[in-house]
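Enquirer: here is my input, please return the structure:
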Amino acid sequence: MTDTVKIGLVGYGFGGRYFHAPLIASAPGVQLAGIVTRSPDRQAEVAAEHPGIPTFDSLAELAESGIQAVTISTPALTHIPLVMEAIGLGLAVVCDKPFALDAAAARVAVQAAEAAGVQLTVYQNRRWDADLLTVRRLLGSGELGEIVRFESRFERYQPVGGPPGSGGGLLRDFGSHLFDQALYLFGPVASVYAEMDVDHEIDTRFFAALRHESGVVSHLGGNWVEGAPGPRFRVTGTTGTYILDKTMEIQEHLLIAGRSPATEGGSWGIEPKQDWGSIARGDARTPVPTERGRWDTYYPAFAAAVRGDRRVPVDPWDAVAALTVMDAARLSAQTQRVVPLG
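Expert: I've put the predicted structure just below:
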């Protein structure tokens, strides 16, 4: 099948406006067919930024317009109810992260999708970050030898406002990507130790040490008010260490600036040379060209899955696995002990 897949979008806040709508609208074989938002201000933004795209007051109304699939990009607390509604309507679903507030709720939704024969996937777009694709290339080439430790951070300095409560806290927000990437690279986790800072019931900082069944140890950190953000990645192997200092991926910059794969063409996702990482061996540093970021491949892959040509780009059970580890991390921080898994 080569028919265009009509995808609707629920939510036109920051995520829907910058991280979904432009990528859906510019994806080949895909049509952005409608957006659910009841806010007059958001409706005006849709009219200005996506002329001719209709807006709707509810998912049910959007479904009646004839879409085949829907992306959920709303506050975290609403994800599972909307996913379940979409499944009931027979729509293929992309759910933004965090998929759910805990692994139990995620598991119920995945089982419901399987029972209904509905395609369900999670928006783990950072599997296609330029920097993570570079790490995968280095792991495949063996240039670092046997990997011993993987360090990965999302750190920001935004003291005003703090992390939005609607995101479910920083562990679920930043952690949804960091934990997914670690499991994606190094497999299941045997145990986790974590620490968290909590302000008004919202965690603003976390550190987690994951011991993978493969033997690799992942150190993951998220911080909203870090005055001196650390390296985005430090991947230590027996013959060298890959280090990347840049904290924000270029595709994020481009989308926030109002650019998209449609405006950038072949230059989409290409990091400038000054932002490349390097392999360190003592005082010697060897620059490592960064792979092209490929967020633009997510929606074409999802559309192919809707047509029945391939599997969804992210197995939803991977999100259940990551949430299981995050649940264990939260328990570890609360009890101040190592929590075994498996």
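Enquirer: how close does residue 3 get to residue 245?
Expert: According to C-beta to C-beta, to the nearest Å, residue 3 and residue 245 sit 45 Å apart. The way it works is simple: take the backbone N, C-alpha and C, and place the C-beta from them, glycine included.
Enquirer: what's the answer for residue 177, then?
Expert: Shown here: residue 177 relative to residue 245, a distance of 18 Å by C-beta to C-beta.
Enquirer: what does residue 78 give?
Expert: 36 Å.
Enquirer: now swap in residue 293 and tell me
Expert: Relative to residue 245, and taking C-beta to C-beta, residue 293 is found at 17 Å.
Enquirer: so between the two, which is more surrounded?
Expert: Higher neighbour count among residue 293 and residue 245: residue 293, with 25 against 14, using other C-beta atoms under 10 Å.
Enquirer: the more buried one and residue 249 touch, don't they?
Expert: Yes. Residue 293 is within contact range of residue 249, at 6.3 Å (criterion: C-beta atoms under 8 Å).
Enquirer: list residues touching both of those two?
Expert: Common contact partners of residue 293 and residue 249 (C-beta atoms under 8 Å, 6 or more residues apart in numbering): 129-130.
Enquirer: which parts of the stretch 1-150 of the chain are strands?
Expert: 5-10, 30-36, 55-56, 69-72, 92-95, 120-122, 147-155 (DSSP state E, counting those that start in this stretch).
Enquirer: average pLDDT across the second one?
Expert: Put plainly, it is strand 30-36. The average pLDDT for strand 30-36 rounds to 98.
Enquirer: repeat for the longest one
Expert: Averaging pLDDT along strand 147-155 gives 97.
Enquirer: mind listing what's buried in that strand?
Expert: 147, 150-155 (16 or more other C-beta atoms under 10 Å).
Enquirer: buried residues in stretch 264-282?
Expert: The neighbour-count check on stretch 264-282 (16+ other C-beta under 10 Å) flags 268-269, 271, 276-279 as buried.
Enquirer: what's the answer for stretch 250-268, then?
Expert: Judged by neighbour count (16+ other C-beta under 10 Å), stretch 250-268 contains these buried residues: 250-252, 254-255, 260-261, 268.
Enquirer: identify the residues contacting the residue nearest the centre of the chain.
Expert: With distances taken as C-alpha atoms, centre = their mean, the residue of the chain nearest its centroid is residue 124 (3.2 Å). Under the criterion of C-beta under 8 Å, 6+ apart, the neighbours of residue 124 are 97, 176-177, 180, 184, 314, 318-319.
Enquirer: who wins for neighbours among those residues?
Expert: In terms of neighbour count, residue 319 stands highest of those at 29 neighbours, by other C-beta under 10 Å.
Enquirer: just checking, it touches residue 122?
Expert: Yes. Using C-beta under 8 Å, residue 319 is in contact with residue 122, at 4.2 Å.
Enquirer: who touches both of those two?
Expert: 97, 99.
Enquirer: could you identify the helix or strand that succeeds the longest helix seen in the chain?
Expert: Longest helix of the chain, by residue count under DSSP state H: helix 316-335. Downstream of helix 316-335, the next assigned helix or strand under DSSP states H and E is strand 339-340.
Enquirer: that next one - what's its average pLDDT?
Expert: 98.
Enquirer: same question, stretch 107-121
Expert: Stretch 107-121 comes out with an average pLDDT of 98.
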